[in-house]
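**Student:** Predicted coordinates and the sequence they were generated for:
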Amino acid sequence: MLFLCRWPNGDFSVVKASSKDEAIELLDEIGHAEGSPVTPINDNFMVHFVLTDDGHFELQDLGEETGELIMKRAYPVLDEARMGSLDKSDTERTEIIRRAVAKERERVVEKRVKTPKTLLGQDLKGMMDAPTRKIDRIVDEEAAKSLKGFKGKGKAN
């Protein structure tokens with residue numbers, strides 16, 4: 001499944017993952033997505049990249065449906081400004097769109113995120129700045145490994 005992450009600075013990322021939590025973990029490579037809006041994309045999705053002469057890829061364009069989807073879902077203020085300024089002069093339209101872009105960059109604020117389940121997890125999150133789900137999974141896996149061969153004393157109830 002594809003997920004769209006709308007970053008608070010106005011950027012967006014698209015990632016393929018099996019769940020929203022996994023998408024947030026994968027997006028951690030770019031930034032801390034845990035408090036950002038991450039929504040599934042169930043529609044058609046198309047992007048086109050150009051191979052540059054120096055061997056890099058540059059985004060050339062989004063598919064028409066993809067561009068519309070992203071505008072409607074992640075940039076409603078900008079989408080409205082673009083549609084509402086079609087009959088304006090180029091100068092007026094440019095100014096309207098610039099104001100809408102500025103509003104979009106301020107509109108999305110990171111939500112407060114869950115804290116890890118354990119004190120150890122909370123300490124790790126402070127050091128690693130990784131998503132809570134990833135921290136909890138690491139702590140759970142390490143605890144299970146540590147307790148695997150443990151045999152307690154006394155009778156089990």
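**Tutor:** Cool, got the structure. Just so it is clear, the model here is predicted, and its values are computed rather than measured.

**Student:** For residue 65, see how far away the closest residue to residue 79 other than its chain neighbours is.
**Tutor:** Take residue 79 and drop its neighbours on the chain: the residue closest to it by Cβ to Cβ, 6 or more residues apart in numbering is residue 71, 4.1 Å away. C-beta coordinates here come from the backbone N, C-alpha and C atoms, glycine included. Plainly put, residue 71 is 11 Å away from residue 65 if you go by Cβ to Cβ, to the nearest Å.

**Student:** Could you do residue 112 as well?
**Tutor:** With Cβ to Cβ as the criterion, residue 112 and residue 65 are 34 Å apart.

**Student:** The two - which one has more neighbours?
**Tutor:** When neighbours are counted by other Cβ atoms under 10 Å, residue 65 comes out ahead of the other of residue 112 and residue 65, with 12 against 8.

**Student:** Against which helices or strands is the one helix or strand the more buried one maps to packed?
**Tutor:** For residue 65, the enclosing helix or strand under DSSP states H and E is helix 64-74. Using 3 or more Cβ pairs under 8 Å, 6 or more residues apart in numbering; DSSP states H and E as the contact criterion, the secondary-structure elements in contact with helix 64-74 are strand 2-6, helix 76-84.

**Student:** Lovely, talk soon.
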